[in-house]
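S.K.: After the sequence you'll find the predicted model.
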Amino acid sequence: MQIAKSDSKILARSTVVAQIDGKAGKLTRKEAIAAVAAELGLAAEKIGVVSLKGQAGTTDVVGTFYVYGSEEVKKKVHPKYLEERVLTKDEREKLKQERKKTATAAPAPEAKK
């Protein structure tokens, strides 16, 4: 695995671009996070995946990841839609149902006259 890293002091995170050899079409987002966490020696909870792209003509995958200093910073800064992409299909469906319940439980706003 080849890794390139750049730091962002303002957002308290690092951007990591990793080339994972021979995994095109066989790698899930959770597995990619685990591989980068093992390579960097960090907890997987501090890493968020941004994108995974296959290389043309090879079986390599190039992934872009954000590595945060702590889980609290990740929860504040990391986009929610990227976190949802990591979830399994069943977990996403459960989250969707929970959102529907909270939306119907909330009272409707009054119309202006």
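M.R.: Ah, there it is.

S.K.: What are the boundaries of the helices in the chain?
M.R.: With helices called from DSSP state H, the chain shows them at 29-40, 71-77, 80-86, 89-105.

S.K.: same for the second one, what does it pack against?
M.R.: Using 3 or more C-beta pairs under 8 Å, 6 or more residues apart in numbering; DSSP states H and E as the contact criterion, the elements in contact with helix 71-77 are strand 13-20, strand 61-68. Glycine gets a C-beta too; all of them are placed from N, C-alpha and C.

S.K.: Val86: what's it in contact with?
M.R.: Neighbour list for Val86: Arg29, Lys30, Ile33, Gly48, Val49 [criterion: C-beta atoms under 8 Å, 6 or more residues apart in numbering].

S.K.: could you dump the helices and strands packed on helix 71-77 to CSV with mean pLDDT?
M.R.: Formatted as CSV, the helices and strands packed on helix 71-77 follow (pLDDT from 0 to 100):
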stretch, mean pLDDT
strand 13-20, 92
strand 61-68, 92
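
S.K.: Point out where this structure drops to low pLDDT.
M.R.: 106-113 (pLDDT under 70).

S.K.: ok, Ala4 touching Val16?
M.R.: Yes - using C-beta atoms under 8 Å, Ala4 makes contact with Val16 at a distance of 7.2 Å.

S.K.: ok, the two, which is more surrounded?
M.R.: Relative neighbour count places Val16 above the other of Ala4 and Val16, with 20 against 10, counting by other C-beta atoms under 10 Å.

S.K.: and the closest residue to the more buried one other than its chain neighbours, what is it in contact with?
M.R.: In space, and not counting its chain neighbours, Val16 is closest to Phe65: 4.6 Å by C-beta to C-beta, 6 or more residues apart in numbering. Contact partners of Phe65, counting by C-beta under 8 Å, 6+ apart, are Thr15, Val16, Val17, Ala18, Ala32, Ile33, Val36, Ile47, Gly48, Val49, Val50.
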